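Colleague: build me a model from this:
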Amino acid sequence: MDRHLLLDERIIEDVKNAELTVGTVKKHDANPLFGEDKPWERRFDNLYANIIYDEEDQLYKCWYSPFIVSQTTVGMTRQQRED
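Modeller: Numbering: from 1, shown residues only. Purely as a prediction, here's the structure:
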């Protein structure tokens, strides 16, 4: 199996307190970046997650693009889905 790695700095707008390092990544099982705590958040690798530190709120925030299809939630409000 051929493996390819593409590093394109043109798509990175800004980097602070970080550097590009090529190496082997190993995820720690007890320390996920985020979890699926709602029934509709089943893991689909969530496409491309973006984790950004918000200095004003002093929080790390994660934006991701899940794809959700559920006939049972069509027409329901978020509160109704959480209940």
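
Colleague: run through this structure and note the low-pLDDT ranges.
Modeller: 1-6, 8, 33-36, 39-50, 63-74, 81, 83 (pLDDT under 70).

Colleague: the helices in it, which residues?
Modeller: 78-82 (DSSP state H).

Colleague: ranges for the strands of it?
Modeller: 50-54, 59-63 (DSSP state E).

Colleague: dump those strands into a markdown table; add distance to residue 37 as well.
Modeller: Bear in mind the C-beta positions are built from the backbone N, C-alpha and C, glycine included. Formatted as a markdown table, these follow (distance: least, Cβ to Cβ, whole Å):
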| stretch | distance to residue 37 |
| --- | --- |
| strand 50-54 | 17 |
| strand 59-63 | 13 |
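
Colleague: of all those, which lies closest to residue 21?
Modeller: Closest of the strands of the chain to residue 21 is strand 50-54, at 16.9 Å (criterion: Cβ to Cβ).

Colleague: could I get the strands of the chain in a markdown table, plus columns for mean neighbour count and distance to residue 24?
Modeller: Output for these, formatted as a markdown table (neighbours: other Cβ atoms under 10 Å; distance: least, Cβ to Cβ, whole Å):
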| stretch | mean neighbour count | distance to residue 24 |
| --- | --- | --- |
| strand 50-54 | 10 | 20 |
| strand 59-63 | 11 | 23 |
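
Colleague: can you say which of those strands is nearest to residue 78?
Modeller: Residue 78 lies closest to strand 59-63 among the strands of the chain, at 17.4 Å (Cβ to Cβ).
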